[in-house]
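Asker: Need coordinates for the below:
(2 chains)
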Protein chains: 2
Amino acid sequence: MQDALVVFTPSGKRGRFPLGTPLLQAARQLGVDIDSVCGGRAICGRCQVTIGEGSFAKHGITSTAAHVSAFSATEERYRGKKGLASGRRLSCQATVQGDVVVDVPPESQVHRQVVRKRAEVRAIELDTLTRLHYIEVEEPDMHRQRGDFERVQEALERQWGLKGLTIDLEPLQMLQKHLRAGGWRLTVAVHKESRIVATWPGFHDRLYGIAIDIGSTTIAAHLCDMGTGEVLASSGMMNPQIRFGEDLMSRVSYSMMNPGGDAEMTAAVRGALDALAAELCAEAKIDPHDVLELVLVGNPIMHHLLLGIDPVELGGAPFALATDSAIEILARELDLAAVNPGARVYVLPCIAGHVGADCAGVVLSETPYLNDEITLVVDVGTNAEIVLGNKDRLLACSSPTGPAFEGAQIGHGQRAAPGAIERVRIDRETLEPRFKVIGCDLWSDEPGFAAATRKTGVTGICGSGIIEVIAEMYLAGILTQDGVIDGNLVARTPRIRAEGRTFSYLLHAGEPEIVIGQNDIRAIQLAKAALYAGARLLMDKLGIDKVDRVTLAGAFGSHIDPVHAMVLGMIPDCPLEKVSSAGNAAGTGARIALLNRKARAEIEDVVERIEKIETAIEPRFQEHFVAAMAIPHKTAPYPNLAAVVPLPAPKEVTGGAAGEGRRRRRAGG
Amino acid sequence: MQDALVVFTPSGKRGRFPLGTPLLQAARQLGVDIDSVCGGRAICGRCQVTIGEGSFAKHGITSTAAHVSAFSATEERYRGKKGLASGRRLSCQATVQGDVVVDVPPESQVHRQVVRKRAEVRAIELDTLTRLHYIEVEEPDMHRQRGDFERVQEALERQWGLKGLTIDLEPLQMLQKHLRAGGWRLTVAVHKESRIVATWPGFHDRLYGIAIDIGSTTIAAHLCDMGTGEVLASSGMMNPQIRFGEDLMSRVSYSMMNPGGDAEMTAAVRGALDALAAELCAEAKIDPHDVLELVLVGNPIMHHLLLGIDPVELGGAPFALATDSAIEILARELDLAAVNPGARVYVLPCIAGHVGADCAGVVLSETPYLNDEITLVVDVGTNAEIVLGNKDRLLACSSPTGPAFEGAQIGHGQRAAPGAIERVRIDRETLEPRFKVIGCDLWSDEPGFAAATRKTGVTGICGSGIIEVIAEMYLAGILTQDGVIDGNLVARTPRIRAEGRTFSYLLHAGEPEIVIGQNDIRAIQLAKAALYAGARLLMDKLGIDKVDRVTLAGAFGSHIDPVHAMVLGMIPDCPLEKVSSAGNAAGTGARIALLNRKARAEIEDVVERIEKIETAIEPRFQEHFVAAMAIPHKTAPYPNLAAVVPLPAPKEVTGGAAGEGRRRRRAGG
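Answerer: Model prediction:
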């Protein structure tokens, strides 16, 4: 028999094959990555390729469509039913007839890449743990008695090379009906090449997964097509545990004070996940039974409550986690009924008592462990989780920022919601402010602002607004480096007002009046000092004075303006173009772990290697904290920031008091 | 440092060890089998040994109690608390001080043998899948953050050499509480050296398992101590599925006729298992949470219904099982709540569509696959399961005996219950019968019988009684070889009565009158012919004319008198001392699989190798069936039987007709 040269692109893999060899078979023998669910039966259409036309000098081949077989009746039937773009062939049907260059387009590759929007992060390679396999099963035969399942095993071994598979009870219960309904044709979902987790009669090519980030306030979920990696629907909802306590510690207290309180909170969050999953399936119009994988992330307390572990140990030193390993369980073990109860659930590992699986998700999304650059990753919340390092070494800690960044403890603070001030600029001369509120694209000094905000009003100031107004007050000379509002400015503008022994700044004169008082500034100073001190502690441990890159993660992080954050001294100095926002990186990490099995091993390994630092027992933390009360910092230089933003000259005033630094100095004087 | 020679008996393993080496450590280094749950902390007392006294010429040692260390305070504490028999030492405490012979008594061996009552079967070696390990766990430390579970993993690796264990969700949920309640001392139950399935605070040494045989009529269960293999409690109950149909096929029909009928029957049998498990735990006064293993056997339809698989496919050809492999699931998957929901359930493999996991249990109990002798194992029920072979080759089939052996289709037949006739003898001269009924030890012709049976009465005749009366009728010359009641005997005794064209035999003249009619004999002939034909078919396949041993399994089998069964021709001829009754061998097989992990692999392998014969498609089956209608058989010789029992000379009568054989001959004549 004659043979011919076949070259696959883009891999460049090549080999000689006898004429008549199906292209898919040639690809498999060479280890070329081509997808298939139906196993070469012209049903799924996943194995499409394009035949090169012309002379390929690089490969030394003249390739033409005539060098593969003509359309068979089977391939024509597929084309008639499902369509086949011009130039495309089913590689399971087209056979080698001469030298040929075969291009495998990205969508025909099993391990195709799912593109992410941000340039600095890697693409997600599709490599799911659960995969679909279509098989044709022998009918039962009284002369050779074998169970139906055992003949399914035989078919999987013969048709897919999958040996010794086992099966969950539920698909076993349905197996005989599915085999007969499909006329001895069956699609099986196989988890980790070892266990059958679902079956469908005949051919089936839909498989879904859900990635969920369980925040203390919000639960966000993404439904993904496991065949393409595409997000089909996203949704979020309030965490219903809020009724047991606004913040994490109040939920731990609820559990301590109320016997069975942890079980109530567990039921609440599981119920929410179930509702969210149902909503996503309805929105995407998919069968919930086809959802076979879930990946979950959350902070340690959310993690424990989700799993039904009383979080009481996380409420006090030594903050012992029940486990810091990744968890693999079944949807039914979490009482999830809105998806396939046999769906595999993967929970990312926790890093430490205060640094949860959500932070592991951030690390997996941002991959500081792959870079030469030293990256500081900060996820700001009631606790800030801080990760610092590069491919050689990675450290993590959490720092108790408190809820000031979320608008709590701030006189006119509020959650980010329509009507909340989120951007602020203060004129360096007039000290007049302008601002933007959520829900309106206009600045407050632009025409039409009043009309555009009539509906929402201007109701308060949210976290990013607080950061900007304080940074702007400092840049405009209203605040000293120590965070004291300069009472001497009362003469210059009526916006500075005396409030007893301290002063305030009138940001908005409407109803309500929005005023930034000395206490607000002090609250933010405490929060930002904690954040900075945590980062600084890790820098000490790593023996560095500056970082190469700063990534702000979390919903809040993505709304912070990097310049203002740096002016305030929340983060250390760094080239401003290297400060970026990662959005919901925890959720992205969950999605990566959903779509890529190697990513799971990778993050488990990375988390194991992360050096966990407990700020509470580090003597230097307090020292760093005190120095970080100043704006931007008592001692640390900010050369990159100064090159971009004119920082005011140091200024000392006598009125008012702001924070530890100030008080200490007074105590010392 | 000096060393000394240590010889362990009965293993004979020996080695030199430095003075001061604990005996347990020396044993482990030599691979001597000594049990321990506490890991050498003088808590469990499982590692007891006896120190040899005197000169052991065989070992070349003079051994004395003085050659090991004196009682330490720890060992004294154990002795004070739990007692220590004279001469016994804890091998974890006593150290080598000179040459010594150390005897390890059976109860200190992990793999000790559980003795069975019957001489011809092997003992069960204790080798459970789930084992207890006591550990001492490091307390959490903020300087070295690791989860509680991860420190448990470390302790298991360091203290027991168990690496990379995972944990079920339920024990993970309880882990932190148990660690703290036990002061960082914990006992864990580890399944297959790989997964933690339960934990207890502090030291715990109780672990139980239940072996269950699910019959269509009766469910029998044994609660075993997994540490000793001892049966602590046994109980049985009616299978509540009886309300859906008396026999197997009527239950399959129920499922076919009633949508959801299979689910009703599944719920019924699971509920019964749960009730039975609860009853056993209560009876043995043990904590149900300590029951961590179950092994189940049953015929294919019981097997499927238990697992929640609709048995409809088993109701007709080709009788396809959903699976014929062994099944490993969790108690909670079977809705069992009376034991630990995380208990591991093992269901033995089914052999074929009519030959179930109960038969696999029989095979495991009787081990025909280990013998040179050709053994015929027969489990008699509505279907007879028949296994034939030896260590070289094993075959199995089932044969449709129908319910006659269970007393159905018999005029005065009844289930085995007080008042039922179970033994019969007929005087060869007078043709007068005497009999025994269940619940009374006297024969009916002995003084006091009437008084002793007044309460129960004589209500009918059960399976073993039917077999005996027909065999005796044949031996007394009342029946011809073709099974016809000889009407000529009417003249000799009023017990023979004309009933239209046929005759009957009056067994008991009371109220009710118990009469054996020609139809009763015909029904038994059909049943015994089916049984014999199945066995004969397997003998053909194996190419043999006689078997070396016959084992009768099942509750019914254990009540049959071998001689009468052979006279009737239920089983082929065989030396009578080689015919034995195995009792509930299916349940024994389940108990073996519960206590010995290698037994599971063994039976899975054996079942895989058994040649499954489907009688329905074997042309010779019908032929054998016809020839087997005669008593004992039309053609097969019974030399072993004839040597023990005087068989009547062949006799031909004209009146009456009994069965196929007779009719065929008539048709031919």
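
Asker: neighbours around residue A:106, how many?
Answerer: Close neighbours of residue A:106, defined as other C-beta atoms under 10 Å in any protein chain shown, add up to 11. Bear in mind the C-beta positions are built from the backbone N, C-alpha and C, glycine included.

Asker: excluding its backbone neighbours, what's nearest residue A:313?
Answerer: residue A:320 (4.8 Å; C-beta to C-beta, 6 or more residues apart in numbering or on different chains).

Asker: Over to residue A:453?
Answerer: In space, residue A:453 is closest to residue A:440, 5.1 Å off (C-beta to C-beta, 6+ apart).

Asker: on that earlier part again, the residue nearest to residue A:313 - how many residues pack around it?
Answerer: Neighbour tally, residue A:320, other C-beta under 10 Å: 24.

Asker: same deal with residue A:61?
Answerer: The burial count for residue A:61: 21, using other C-beta under 10 Å.

Asker: and it, how far is that from chain B?
Answerer: From residue A:61 over to chain B the distance is 50 Å, taken as C-beta to the nearest C-beta, to the nearest Å.

Asker: I figured that residue was touching residue A:54, is that so?
Answerer: No - Residue A:61 lies out of contact with residue A:54 (C-beta atoms under 8 Å); the separation is 9.5 Å.

Asker: For the residue nearest to residue A:313, which residues are in contact?
Answerer: A:313-314, A:353, B:140, B:147-148, B:176 (C-beta atoms under 8 Å, 6 or more residues apart in numbering or on different chains).

Asker: farthest pair in those?
Answerer: Across the contacts of residue A:320, the longest distance by C-beta to C-beta is 12.1 Å; it joins A:353 and B:176.

Asker: Can you tell me the SS state at residue A:295?
Answerer: strand (DSSP: H, G, I helix; E, B strand; the rest coil).

Asker: Residue A:587 is in contact with that one, correct?
Answerer: No - assessed by C-beta under 8 Å, residue A:295 is found out of contact with residue A:587, at 9.7 Å.

Asker: shared neighbours of the two, anything?
Answerer: Joint contacts of residue A:295 and residue A:587 (C-beta under 8 Å, 6+ apart) are A:211-212.

Asker: Domains in chain A, by residue range?
Answerer: A:3-108, A:129-201, A:213-347, A:365-403+A:523-644, A:407-496+A:506-514 (automatic domain parsing).

Asker: got those domains as TSV, with mean pLDDT columns?
Answerer: Listed next are the domains of chain A as TSV, based on pLDDT from 0 to 100:
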stretch	mean pLDDT
domain A:3-108	94
domain A:129-201	97
domain A:213-347	96
domain A:365-403+A:523-644	94
domain A:407-496+A:506-514	94
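
Asker: thinking again about what came up before, how would you label the residue nearest to residue A:453: helix, strand or coil?
Answerer: Applying three-state DSSP: residue A:440 is coil.

Asker: Can you tell me, leaving aside adjacent residues, what's nearest to residue A:590?
Answerer: Closest to residue A:590 by C-beta to C-beta, 6+ apart is residue A:211, at 3.8 Å.

Asker: I'd like to know how many residues surround the one you found.
Answerer: With other C-beta under 10 Å as criterion, residue A:211 counts 28.

Asker: what does the one 10 residues further on give?
Answerer: Counted with other C-beta under 10 Å, residues neighbouring residue A:221 total 24.

Asker: Show me what counts as buried in whichever strand or helix holds it.
Answerer: Element membership for residue A:221 (DSSP states H and E) is strand A:218-225. Across strand A:218-225, burial judged by 16 or more other C-beta atoms under 10 Å in any protein chain shown covers A:219-225.

Asker: Partner strands of the helix or strand following it, with direction?
Answerer: Downstream of strand A:218-225, the first helix or strand assigned by DSSP H and E is strand A:231-238. Strand pairing for strand A:231-238, using DSSP bridges, gives strand A:218-225 (antiparallel).

Asker: Residues touching the strand it pairs with, excluding its own?
Answerer: A:206-213, A:230-239, A:269, A:272-273, A:276-277, A:280-281, A:283-284, A:286, A:291, A:555, A:584, A:587, A:590-591, A:594-595.

Asker: Go again with 7 Å.
Answerer: Contacting residues not belonging to strand A:218-225 are listed as A:208-213, A:230-239, A:272-273, A:276, A:280-281, A:284, A:584, A:587, A:591, A:594-595 [C-beta atoms under 7 Å, 6 or more residues apart in numbering or on different chains].

Asker: Mind checking which of those residues are buried?
Answerer: A:208-213, A:232-236, A:239, A:272-273, A:276, A:280-281, A:284, A:584, A:587, A:591, A:594-595.

Asker: Tell me which helix or strand the closest residue to chain B within the stretch 401-550 of chain A sits in.
Answerer: Nearest to chain B in the stretch 401-550 of chain A, going by C-beta to the nearest C-beta, is residue A:541, at a distance of 13.0 Å. Here residue A:541 is covered by helix A:518-542, with elements defined by DSSP H and E.

Asker: Return the list of helices and strands in contact with that helix.
Answerer: strand A:375-379, strand A:384-389, strand A:394-399, helix A:463-475, strand A:502-508, helix A:619-627, helix A:659-668 (3 or more C-beta pairs under 7 Å, 6 or more residues apart in numbering or on different chains; DSSP states H and E).
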